[in-house]
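Engineer: build the 3D model from these lines:
(2 chains)
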Amino acid sequence: MARGGDESAFAEIVRRYSPRVFRVASRFFRRRAEVEEASQEVFLKAFTQLDSYEGRGSLEGWLTRIATNTCLNMLRSAKRRPELTTSDLSEDQSTWLESHLAGAAIERQREAERGEVAADLAERLLETLSPDDRLVLTLVDGEEVSIKEVAESTGWSESKVKVRAFRARRRMREGLEKLLGGARTTRAESAKSAGER
Amino acid sequence: MRDEHIIDILESAPFAALSAAEMERIREHTRACADCERAYEAARLASVLIGERAAATFEPPPFFQTRVMAAWRERQAASQQWTFSRVWKATGALVASMAASVVLLASVTFFAPANTLQTDTAFVSYPYSTDEAIIAQDLQFEDEMTYGDVLTTIYESTEEAAR
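Structural biologist: Below is the predicted model of the structure:
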């Protein structure tokens, strides 16, 4: 029905699959407005390309592929941050890192708050990666999606996904190591100045 | 040197998916290696951060469906308008080029110099059929000298020179 241009069928597709499309877009964008914009673009693209859907796989899978590619392209066209330094972090983010270094201090923070800060910090680190690396890392390490599934949703080979994941882990770890080094220095300096007082 | 340590293990799989044996090897190694300990700590935190980031998803707002449908209608209307304007422009261009061709032909017909026209007319009115072309070709060959004629002409001119 939707292929014939039936609006109510289109509306039903949006109603049924928008949670799924939002979840995919959320992997790429941290701000709600960006997620909404990307999701809307996914549906508009899907309606335009509905003739190319052969009905072999599920409609959800087909929409997921469109969503992944649309978001990847949007991210590719956006400017990427080359590097993240300690001075770029907000106070909350620095505190999160420092408290993780201190160990048990993290328990003092409320769960929701902690999650928000961590997600923001993760986003900032992910922004330094290429869109492809970011996608693989979020899917494989964050959502425990199998290599095979990632390969299917992106159209890449499994070996490409593996190599990307390996490289992305390295970049993420190196970026974080650098930040932790900065946080350690800040913590040592503040401990020193507190001792002097 | 660092790459020979536990870094490859940390990067070969998601941190949460590392086996007990691999974790034991990492722990044992990081007790003695400060660099690897830092790498391990960063990998562990990266895993926590990515997990938190993956969990931070948005739900569609209540009027999302209405918004998408409005955007769809708008885009369709824009595309129809675009198609119409393209057809309109193409028609305009076609009419303009046809008018220009008519003007050009008219100017060539009425304002070209008279002698040129005469020459052209003479050329055009020259009787020229396939048969005539073949006959003309034969006549041409008849006019040409044969091999014998050439030899005779050469020897005659040599004898004359000798005399």
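Engineer: for chain A, what helix or strand is lowest in average pLDDT?
Structural biologist: Ranked by mean pLDDT, DSSP states H and E, the weakest helix or strand in chain A is helix A:91-102, scoring a mean of 75.
Engineer: what mean pLDDT does stretch A:118-129 have?
Structural biologist: For stretch A:118-129, mean pLDDT rounds to 89.
Engineer: find the helix or strand that the closest residue to chain A within chain B is a member of.
Structural biologist: Across chain B, no residue is closer to chain A than residue B:54, which sits at 3.0 Å (CB to the nearest CB). In this view, the C-beta of every residue, glycine as well, is placed from N, C-alpha and C. Residue B:54 is part of helix B:34-55 when elements are defined by DSSP states H and E.
Engineer: pull the residues that contact that helix.
Structural biologist: A:27, A:97, A:100, A:114-115, A:118-119, A:121-123, A:125-126, A:137-138, A:141-143, A:169, A:172-174, A:176-177, A:180-181, B:2, B:5-7, B:10-11, B:14-16, B:26, B:29-31 (CB atoms under 8 Å, 6 or more residues apart in numbering or on different chains).
Engineer: ranges for the helices of chain A?
Structural biologist: A:7-28, A:32-48, A:59-77, A:91-102, A:111-126, A:131-136, A:147-154, A:158-196 (DSSP state H).
Engineer: ok, of those, where does mean pLDDT dip lowest?
Structural biologist: helix A:91-102 (a mean of 75).
Engineer: most centrally placed residue in chain B?
Structural biologist: Nearest to the mean C-alpha position of chain B, by CA atoms, centre = their mean, lies residue B:86 at 22.1 Å.
Engineer: what is the neighbour count of the residue of chain B closest to chain A?
Structural biologist: Number of residues near residue B:54 (other CB atoms under 10 Å in any protein chain shown) recorded here: 21.
Engineer: ok, now residue A:47?
Structural biologist: 22.
Engineer: quickly note the distance from residue B:15 to residue B:24.
Structural biologist: To residue B:24, residue B:15 is 15 Å away according to CB to CB, to the nearest Å.
Engineer: looking at those two, which is more packed in?
Structural biologist: For residue B:15 versus residue B:24, neighbours defined as other CB under 10 Å are more numerous around residue B:15 (20 against 11).
Engineer: please name the nearest non-neighbouring residue to the more buried one.
Structural biologist: residue B:47 (3.5 Å; CB to CB, 6 or more residues apart in numbering or on different chains).
Engineer: ok, longest helix in chain B?
Structural biologist: helix B:64-111.
Engineer: what's near enough to touch the residue in chain A positioned nearest to chain B?
Structural biologist: Per CB to the nearest CB, the residue of chain A with the smallest distance to chain B is residue A:142, at 3.0 Å. Residues near residue A:142 by CB under 8 Å, 6+ apart: A:27, B:50, B:51, B:53, B:54, B:55.
Engineer: near chain A, which residues of chain B?
Structural biologist: B:7, B:10-12, B:14-17, B:38-39, B:41-43, B:45-61, B:64-65, B:67-69, B:71-72, B:75 (CB under 8 Å from any CB of the partner chain).
Engineer: which of these are buried?
Structural biologist: B:7, B:10-11, B:14-15, B:38-39, B:41-43, B:45-54, B:56-58, B:60, B:64-65, B:67-69, B:72 (16 or more other CB atoms under 10 Å in any protein chain shown).
Engineer: which two from the contacts of residue A:142 end up farthest apart in space?
Structural biologist: Farthest apart among these by CB to CB are A:27 and B:51. That separation is 12.6 Å.
Engineer: quick check: closest non-adjacent residue to residue A:23.
Structural biologist: Here the residue nearest residue A:23, using CB to CB, 6+ apart, is residue B:57, at 5.0 Å.
Engineer: let's verify the one you found: helix, strand, or coil?
Structural biologist: coil (DSSP: H, G, I helix; E, B strand; the rest coil).
Engineer: correct me if wrong: it contacts residue A:20.
Structural biologist: No. Using CB atoms under 8 Å, residue B:57 is not in contact with residue A:20, being 10.5 Å away.
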